[in-house]
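Chemist: this one's sequence-less:
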């Protein structure tokens, strides 16, 4: 019973299982993590031996999924929106090679940046790569979309994308499941040349991809997720993805007569959309994310009957809501109660007892004797070191940027030049940068704050656990300058001393601050106690 | 029947557990449910909330419109005031009275109490009552009991849902939570 009330992310996972995937490939990232976790914990996964462990990053995940497709089997690859930037090379070129076994790329966008550094809209990537994209509005549609998309991918022979957003991924509703389909057998793609993107072949593949655009558009027009307008009103809404829910909420609650066309599949079906807009006096384009289709429908010379994010009818940034739609539709709407200014925010903080705290305490003290205190940060729980009481880092840009930015700043003349990165972020995107730094013999220090897990997303396995010293050494950092410290208050003085020694070294040094995440340690202790009491 | 509920608290206080129990109780009653949660960065000791919508009709939006929320349920008094823009003028607040101060600029307790007194709010000494039930960690379930009668879902459904929620944890844990729930129910009678 409980299982039927699923997060949107979990609905995606169920759809993938029921569509007969042989593998899921992913690196954790909010709000996409729960897709892979649900598959990892499903009994079906054990029974059918669905391949499901975490990848080192989104690019390795994507390429492995593509390899599974080459071998004729079905797979999904999941990531958050900025993860697709990491996988973009593989992604763009997979549109050129095409697929054999169904390949579905699930990308979870985070409008309003609840847990992200930007709110980029994945639909641009679909248009960029000229691939179909499904944008479900409900948890049930999310489930159905995966099954549909895997069939479609095999039929049209390209990867098919699914875009979900935070509010769908992290919201629960009941879904009904269909009987499971058998996984594909191993059957290698023997089509000559298809997968070899040498220029002469790539040109043919690109021509074929362009040719397929008309087929994709026809598919969008007949999409099971399309809803044609019921009302004949001259006032219309072109509602895409989850925006449809907000539009319907306002329309039903206020008994409005507005014609709503729901779009959940791209490329945008030109003719039916054009006909709809032509028949209306005014159309609100409701898109969750960037005003990508509003811009193209409005056109370079503008169109006064088109309303949306670009003319201020809807907010230019941030996620939509029933409130935003109510204002846009001119619904009289009054909020009587207001939150007082003194109800101050309660920002997230590093956990009590967290090792990152002791690492930052030691680092701040080590740096106190220097005039320039610039530490380059990275992505993870330890990004919270930017906030009081630590105020320890000056940057947080993208996965791995800590050490490469420290390198560049060192080359510009900064000393001390310090980067701080988590263990999982280091193996995700830091290793190649460290190779650069070692080759260039840059005077810089990298702190790897190693809690042996991917903590921010809930404690997933970290690819480099127990391998960090060997990795750094193999990349060219001298053994004497790979130092391990234990970030605990009792070692504070020693840690400050070691940090200062390595800061003064005229080359690349790495300090690995090693202590298990307090959350995963507590979970393990609880699990051990449970097992013990079960035995007794 | 339609109830829009916001559940608020601090990351780690167990608001997703009570949301999940309410979901199950509503489903056992044959109602539609949608429930939006907060995961990720904000869970690290920050403010968290869940929009929970229950209806006998189709529910479109995962988010509750401002000014339409029937019930704010909070495990911490400051958090009970964070989302009052969403509360309808006829709406109710059920909150624990136990202040949780993990920020340096936590407002004066007096301010919070005065504000709650000006609203239609039930303040429950959840931590004290939870101890009485046998576990100081069951404050959230005391609050669940305290809010239950404002939902139009029969008490029996909640009891079934609590059994379901804690069934893997053994009979002692179930009984303790049922006791915490019952004490909570009495607290707002």
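Modeler: Perfect, thanks for sending it. All values derive from a computational prediction rather than experimental measurement. Residues are numbered from 1 along each chain as shown, chains lettered A, B, ... in the order given.
Chemist: now do the contacts for residue A:386.
Modeler: Going by CB atoms under 8 Å, 6 or more residues apart in numbering or on different chains, residue A:386 touches A:377, A:392, A:393, A:394, A:396. Just so you know, the C-beta spots here come from the backbone N, C-alpha and C atoms, and that holds for glycine as well.
Chemist: now with 7 Å?
Modeler: Taking CB atoms under 7 Å, 6 or more residues apart in numbering or on different chains, we find residue A:386 in contact with A:377, A:393, A:396.
Chemist: what's the pLDDT at residue B:136?
Modeler: In this model, residue B:136 is scored at 87, pLDDT.
Chemist: and the residue lying closest to it once chain neighbours are set aside, helix, strand or coil?
Modeler: Nearest residue to residue B:136 in three dimensions, chain neighbours excluded: residue B:130, at 5.5 Å (CB to CB, 6 or more residues apart in numbering or on different chains). Classification of residue B:130 by DSSP: H, G, I helix; E, B strand; the rest coil places it in helix.
Chemist: circling back to that earlier point, could the contacts of residue A:386 go into CSV alongside neighbour count, secondary structure and pLDDT?
Modeler: Formatted as CSV, the contacts of residue A:386 follow (neighbours: other CB atoms under 10 Å in any protein chain shown; DSSP: H, G, I helix; E, B strand; the rest coil; pLDDT from 0 to 100):
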residue, neighbour count, secondary structure, pLDDT
A:377, 24, coil, 98
A:393, 23, coil, 97
A:396, 18, coil, 97
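Chemist: now those in JSON lines, with distance to residue A:531?
Modeler: Shown next, in JSON lines, are the contacts of residue A:386 (distance: CB to CB, whole Å):
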{"residue": "A:377", "distance to residue A:531": "38"}
{"residue": "A:393", "distance to residue A:531": "39"}
{"residue": "A:396", "distance to residue A:531": "39"}
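Chemist: tell me the one of the residues you listed nearest chain B?
Modeler: Nearest to chain B among these is residue A:396, at 11.9 Å by CB to the nearest CB.
Chemist: quick one: contacts for that closest one?
Modeler: A:117, A:377, A:378, A:379, A:383, A:386.
Chemist: from what I see, the residue nearest to residue B:136 and residue B:138 are in contact.
Modeler: Yes - look at residue B:130 against residue B:138 with CB atoms under 7 Å: they come within range, at 4.3 Å.
Chemist: common neighbours of these two, please.
Modeler: Joint contacts of residue B:130 and residue B:138 (CB under 7 Å, 6+ apart) are residue B:180.
Chemist: residue numbers of chain B in contact with chain A?
Modeler: Within chain B, the positions near chain A by CB under 7 Å from any CB of the partner chain are B:10, B:23-24, B:27, B:33-37, B:39-42, B:44-47, B:60-63, B:65-67, B:78, B:81-82, B:84-85, B:87, B:89, B:103, B:105, B:107, B:111, B:115, B:164.
Chemist: so which of those residues belong to helices?
Modeler: B:23, B:24, B:27, B:78, B:111, B:115, B:164 (DSSP state H).
Chemist: by mean pLDDT, point me to the weakest helix or strand of chain A.
Modeler: helix A:518-535 (a mean of 87; mean pLDDT, DSSP states H and E).
Chemist: now the buried members of the ones in helices among the residues of chain B next to chain A.
Modeler: Buried members of these, scored by 16 or more other CB atoms under 10 Å in any protein chain shown, are B:23, B:24, B:27, B:78, B:115, B:164.
Chemist: show me the two of those that sit farthest apart.
Modeler: Taking CB to CB, the two most distant members of those are B:115 and B:164; they sit 36.1 Å apart.
Chemist: geometric centre of chain A: which residue is closest?
Modeler: residue A:80 (0.6 Å; CA atoms, centre = their mean).
Chemist: count of neighbours near the closest residue in space to it that isn't next to it in sequence?
Modeler: Using CB to CB, 6+ apart and skipping the chain neighbours, the partner closest in space to residue A:80 is residue A:29 (3.3 Å). Applying other CB atoms under 10 Å in any protein chain shown, we find 28 residues neighbouring residue A:29.
Chemist: please apply the same query to residue A:189.
Modeler: Around residue A:189 there are 17 residues (other CB under 10 Å).
Chemist: equivalent analysis for residue A:411, please.
Modeler: Neighbour tally, residue A:411, other CB under 10 Å: 14.
Chemist: pLDDT wise, what is it at?
Modeler: For residue A:411, the predicted pLDDT is 98.
Chemist: any stretches of the chain with poor pLDDT?
Modeler: This is for chain A. Within chain A, the stretches with pLDDT under 70 are A:1-3, A:536.
Chemist: um, chain B though
Modeler: Those would be B:40-43, if you go by pLDDT under 70 across chain B.
Chemist: centroid-nearest residue for it?
Modeler: Note: chain B centre (CA atoms, centre = their mean) maps to residue B:73, 3.8 Å.
Chemist: the biggest helix by length in chain B - contacts with which helices or strands?
Modeler: Looking across chain B with DSSP H, the single longest helix is helix B:171-187. Here helix B:171-187 touches helix B:126-133, helix B:139-148, helix B:155-165, going by 3 or more CB pairs under 7 Å, 6 or more residues apart in numbering or on different chains; DSSP states H and E.
Chemist: what does the last one contact?
Modeler: When contacts are defined by CB under 7 Å, 6+ apart, helix B:155-165 is touched by residues A:2, B:17, B:20-21, B:24-25, B:28-29, B:148, B:174, B:177-178, B:181, B:185.
Chemist: which among the residues you listed end up buried?
Modeler: B:17, B:20-21, B:24-25, B:28-29, B:148, B:174, B:177-178, B:181, B:185.
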